[in-house]
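1. Quick one, what's the 3D model for this:
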Amino acid sequence: MQHNQHIAELGPLIASRGIRHVLISPGSRNAPLIQLFTSTPPFIPHSIVDERSAGYIALGMARERKEPVLVLCTSGTAVLNLSPSVAEAYHQHIPLVILTADRPRERIRQFDNQVINQTAPFFIHSKAFLELPFEVRTEMELKQTLRSVGQLLDESMAFEPGPVHVNVPLLEPLYEILPHPVQPEPIPPAPVSENEPLPAPIEGLSSRRIMVLAGMGTPNPEMEAFLKEAGTRLDLVVIAEHISNLHSQEFIANPELVLSGSTRAEQEKLAPDVLISFGGQVVSKGLRLFIESLEEMEYLEIDGKPMDSLQALLGRQTSGKEIRKNKFQERWKEIEQREAERLLSYIHRAPYCNLSAIQKVLSLAPRFCTVHLGNSSVIRYAQLFPVRDDLSWFSNRGTSGIDGSVSAAVGAAMVSKHLHLLVVGDLSFVYDSNALWNQRFPPNLKIVVINDGGGGIFRLLDGPDRMDFFEEFSVTHHPVSLELLSQSFGREYRRAEHMEDVIRDLEALFDPGSSLSILEIDTTKSENSRIFKEFFKPHQ
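-> Here you go, the predicted model:
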């Protein structure tokens, strides 16, 4: 059998699983695989030098397109640079296919070059691992190899989706033309099982106060309609922050605002008898502490397909029931409305700061764009404002790290025709600035950097600022000029230091014909932490 015949056969097999976009980081050992994906239709290759950024760009693409995206890198530490994005994809249930080139071990260890142990480096945060043989000698070996790869690819999309890893040892010569595939047809995908166990019914739901907690997720109009209808027949409140992407006037989008602004007596009336949760992470710390304080509450966490489980749990309780007044939901909504009005009144009186700047950005964002929120302070500020149901909201909250915030937004915009907006802190932007190193940087991505002079999240927390190490080791001021950094990657940039500048420059940023990519909103001279804490202080 010809040299690298098994590599040539991977093309039709991977294409048969609907994989089109391939993120390629440079190297020599992965040259045969680069040749495969750059010369074989229907693959769309993207050259991304930084592996850490490439992994997150792939994550953003897969999340946007709801299909697997492949990441290819060379051997050695390049593999480990993919670890953060693989972990994030695992926790968000996003299907990534990781292909890593490997090299044979030299007979004399000192001659090893660019070698680490690449056996299941993502073991904890991936669904499956497979190492291909160095070479395939017989047709039977070839069929068995391809069958194993097909099963692994199917696993990336099976319940629940997630990243998978194929390690590909490659023998020299590396720069020969690949042979033509000889297998007549790739092995078809395995059927996906639809039979998932449904939760056991909860007794007496119709007479109890129910909280449905929707974590991070994707837009689902069918679920929105179902939960809205259930709230007309049960004492049921739906907690759905922005990144849940479940938006209704009847749902509670600002639980942090509600719980920080309510009295102890009011919180007693907000407590549910039953909590049903599904989806990914939740941002509000106040909500977590509130739920943890409820010792008598019954709790059910839904895995898998939440719509089927919610219909099984709530559908039988609402069937045939008359529409009635939902007093439980009304209590939550009354406080949310009261505190939202108090916040907007406070912002109107407050000086220029992070709080007022982010409120202005989100209120002026064009209709129907996708908003990507950076982690730490940005997403916490954003969750305080009324949710706009004409926008989609995403963030890397699977692991909640600052790495990859820019790259994931870049990836999503690269495979989308509509507008994407990233709102991110200065530290996150600098940390992931290699995301701008992209020959196909998407013109439909607009970036707003909130520059408050370092890790502003630590100024919002109670305690860190009392430590001697706070400014140097937690806030971590940086000397980076965001203007020069943006210009070094060829991105058009502006800077705003006052609210008048912010309004003017946002108009320019969102102009459909504008080439402006990055707007820095500089709030370093503002008392951001004092203004933020002052709003919450009377209610703590």
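
2. going forward, measure contacts between C-alpha atoms and count neighbours the same way
-> OK.

3. what sits against Phe394?
-> Residues in contact with Phe394, defined by C-alpha atoms under 8 Å, 6 or more residues apart in numbering, are Ile243, Thr370, Val371, His372, Leu373.

4. Recalculate using a threshold of 6 Å.
-> Ile243, His372 (C-alpha atoms under 6 Å, 6 or more residues apart in numbering).

5. Which strand residues bridge it?
-> Under DSSP bridges, the beta-bridge partners of Phe394 are His372.

6. Pull up the per-residue confidence for it.
-> Per-residue pLDDT puts Phe394 at 98.

7. how near is it to Asn254?
-> In this structure, Phe394 and Asn254 are 16 Å apart, going by C-alpha to C-alpha, to the nearest Å.

8. got the buried residues for stretch 369-377?
-> If you call a residue buried by 16 or more other C-alpha atoms under 10 Å, then stretch 369-377 has these buried ones: Cys369, Thr370, Val371, His372, Leu373, Gly374, Asn375, Ser376, Ser377.

9. Need the contact partners of that stretch.
-> With C-alpha under 6 Å, 6+ apart as the test, stretch 369-377 has contacts from 379, 391-395, 402, 405, 419-424, 457.

10. buried subset of those residues?
-> Here, 16+ other C-alpha under 10 Å leaves 379, 391-395, 402, 405, 419-424, 457 buried among those.

11. Among the residues you listed, which one sits closest to Glu135?
-> Among the buried ones among the contacts of stretch 369-377, Ser405 lies closest to Glu135 (C-alpha to C-alpha), at 38.9 Å.

12. which residues does Val258 contact?
-> Contact analysis of Val258 by C-alpha under 6 Å, 6+ apart lists Ile335, Glu336.

13. how about the strands in the stretch 101-250 of the chain?
-> Using DSSP state E, counting those that start in this stretch, the strands of the stretch 101-250 of the chain run over 128-131, 164-169, 210-214, 236-240.

14. Distance of Val164 relative to Leu142?
-> For Val164 relative to Leu142 (C-alpha to C-alpha), the value is 21 Å.

15. The two: which is more packed in?
-> A count of neighbours by other C-alpha atoms under 10 Å puts Val164 above the other of Val164 and Leu142, at 28 against 20.

16. Would you confirm that the more buried one contacts Ala128?
-> Yes: with contact defined as C-alpha atoms under 6 Å, Val164 and Ala128 form a contacting pair (5.0 Å).

17. will you turn the strands of the stretch 101-250 of the chain into a markdown table that also has mean pLDDT and distance to Phe226?
-> Compiled in a markdown table, those are given as follows (pLDDT from 0 to 100; distance: least, C-alpha to C-alpha, whole Å):
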| stretch | mean pLDDT | distance to Phe226 |
| --- | --- | --- |
| strand 128-131 | 98 | 35 |
| strand 164-169 | 97 | 34 |
| strand 210-214 | 98 | 12 |
| strand 236-240 | 98 | 11 |
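
18. what comes into contact with the top helix by length along the chain?
-> Using DSSP state H, we find that the single longest helix of the chain is helix 327-349. Contacts to helix 327-349, defined as C-alpha under 6 Å, 6+ apart, come from residues Asp235, Val237, Val258, Ser356.

19. Point out where the chain drops to low pLDDT.
-> The model of the chain has pLDDT under 70 over residues 106-111, 192-196, 454-476, 538-540.

20. Wait, a helix at Ala413?
-> Yes: membership of Ala413 in a helix is supported by DSSP: H, G, I helix; E, B strand; the rest coil.

21. Distance from the chain centre to the longest helix of the chain, please.
-> Distance, stretch centre to chain centre, for helix 327-349: 28 Å (C-alpha atoms, centre = their mean, to the nearest Å).

22. Now do the buried residues in it.
-> Buried residues in helix 327-349 (16+ other C-alpha under 10 Å): 328-330, 332-333, 335-337, 339-340, 343, 346-347.

23. so which pair among the residues you listed is furthest apart in space?
-> Distances among the buried residues of helix 327-349 were taken as C-alpha to C-alpha; the most separated pair is Phe328 and Ile347, at 29.2 Å.

24. In space, not sequence, find me the middle residue of this structure.
-> Nearest to the mean C-alpha position of the chain, by C-alpha atoms, centre = their mean, lies Asn396 at 3.3 Å.

25. sorry, back to before: ok, the buried residues of helix 327-349 vs Ala412, which is closest?
-> Using C-alpha to C-alpha, Ala340 is the member of those that sits closest to Ala412, with 31.1 Å.

26. how close does the residue nearest to the centre of the chain get to Ala508?
-> 27 Å.

27. Please parse this protein into its domains.
-> Split into domains by automatic domain parsing, the chain comes to 5-169, 205-338, 350-539.

28. where does Val79 land in three-state SS?
-> Reduced to three states with three-state DSSP, the structure at Val79 is helix.

29. And Ser363, how close does it get to Arg264?
-> 32 Å.

30. go on, Val149?
-> According to C-alpha to C-alpha, Val149 stands 57 Å off from Arg264.

31. Repeat that for Phe251.
-> From Phe251 to Arg264 the distance is 22 Å (C-alpha to C-alpha).

32. For those two, indicate the residue with more neighbours.
-> Phe251 (22 against 10).

33. Quick check: Leu257 is in a helix.
-> Yes: the assignment for Leu257 is a helix, going by three-state DSSP.

34. and the gap between it and Ser395?
-> Per C-alpha to C-alpha, Leu257 is found 20 Å from Ser395.

35. what about the helices in the stretch 301-450 of the chain?
-> Assigned by DSSP state H, counting those that start in this stretch, the helices in the stretch 301-450 of the chain fall at 306-310, 316-318, 327-349, 354-364, 377-382, 405-414, 426-431.
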